[in-house]
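Got a sequence here, can you model it:
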Amino acid sequence: MQTASPAVPAAALVELREVRKSYNVGTPVATEVLHGIDLAIGRGEFVALIGPSGSGKSTLLNIIGLLEPMSSGEYLLLGQPVTTASDAELTRRRGDMLGFVFQFHHLLPAFTALENVLMPELIAHGRISPAARARGLALLDRVGLGAAAHKRPGQLSGGMQQRVAIARALSHGCPLVLADEPTGNLDTHSADDVFTLLRQINGDEGTAFLVVTHDPRLAARCDRVIELVDGRVKGA
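Okay, here's the model as predicted:
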């Protein structure tokens with residue numbers, strides 16, 4: 001396990017330079033929660049993001065995921081700046097380049113596992129192509145749920161539901177998956193299984209992962225660890 005380094009990895013997917021984030025700007029309760037973040041994530045890396053509660057991990061993940069804007073600084077995604085991009089362009093980049101896995105899988109209970117995996121395709125294009133359906137089935141098979149493709153979430157265990165969420169995150173072939181405590185709602189055995197699956201996908205397909213975790217055992221299994229303390233990268 002390596003500690004964080006300010007050096008930019010070759011073929012960086014993500015580069016943040018002096019990124020700051022403030023809330024309630026212009027009011028007496030204005031608060032800056034990220035204080036000049038510099039970090040980079042390279043293609044195929046498996047990186048842990050750790051730090052105490054309130055250190056800014058989720059805020060940082062949301063900024064990298066184009067879910068909320070930064071207050072200042074520079075963010076390059078695949079070498080292209082995001083600060084000047086329109087909302088439509090940000091939506092396109094988010095859909096094409098980023099996958100998301102959260103602590104709570106957020107599956108739609110009325111839909112089958114396969115339909116949940118294909119939901120990003122349906123939202124993006126208004127229909128499911130035969131190729132997308134075939135990829136969805138292949139992904140479910142990849143995460144060990146080929147036989148459960150037509151079951152609804154309520155018929156699956158917590159670990160199985162999280163595997164469906166992982167397949168959904170990979171459904172559009174994105175180069176980077178952002179995972180916010182993906183094993184935090186699972187028992188130890190299921191958490192180990194899910195984490196092992198993420199590492200296998202990383203190794204087999206070259207998908208990069210940025211994983212927020214409170215579990216030091218899991219962080220130790222990552223290629224590199226970025227520690228966030230009080231809104232700053234420790235050691236940067």
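
For the rest of this, base every contact and every neighbour count on C-alpha atoms.
Fine.

So which residues of the protein form strands?
Secondary structure of the chain by DSSP state E: the strands cover 2-3, 12-23, 31-42, 46-50, 72-77, 80-81, 98-102, 176-180, 208-212, 224-229, 232-233.

Show me what the fourth one is packed up against.
Packed against strand 46-50, as judged by 3 or more C-alpha pairs under 8 Å, 6 or more residues apart in numbering; DSSP states H and E, are the following elements: strand 208-212, helix 216-219, strand 224-229.

got a markdown table for those, with distance to Ala179 too?
As requested, the helices and strands packed on strand 46-50 are exported to a markdown table (distance: least, C-alpha to C-alpha, whole Å):
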| stretch | distance to Ala179 |
| --- | --- |
| strand 208-212 | 5 |
| helix 216-219 | 13 |
| strand 224-229 | 14 |
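
Quick check: which of these is nearest to Gly159?
Smallest distance to Gly159 across those (C-alpha to C-alpha): 16.1 Å, for helix 216-219.

rank the helices and strands packed on strand 46-50 by pLDDT, which is bottom?
The stretch with the lowest mean pLDDT among the helices and strands packed on strand 46-50 is helix 216-219, at a mean of 88.

Out of all residues in the protein, which is the farthest from the middle?
Pro28 (33.4 Å; C-alpha atoms, centre = their mean).

The top helix by length along the chain to strand 208-212, inter-axis angle?
Counting by DSSP state H, the longest helix found in the chain is helix 188-205. Relative orientation of helix 188-205 versus strand 208-212 (axes from the mean of the first three to the mean of the last three C-alpha atoms, to 10 degrees): 160 degrees.

what angle do helix 188-205 and strand 46-50 make?
Using the same axes, to 10 degrees, the inter-axis angle of helix 188-205 relative to strand 46-50 is 140 degrees.

counting contacts, what elements does helix 188-205 pack onto?
Counting by 3+ C-alpha pairs under 8 Å, 6+ apart, helix 188-205 packs on helix 158-169.

so who does the residue nearest in space to the middle of the chain touch?
For the chain, the residue nearest the mean C-alpha position is Leu178 (0.9 Å; C-alpha atoms, centre = their mean). Taking C-alpha atoms under 8 Å, 6 or more residues apart in numbering, we find Leu178 in contact with 61, 65, 98-101, 209-211.

From these, pick the one nearest Val164.
Closest approach to Val164 among the contacts of Leu178 (C-alpha to C-alpha): Val101, at 9.9 Å.

What is the burial count for the closest one?
By the measure other C-alpha atoms under 10 Å, the count of residues near Val101 is 24.
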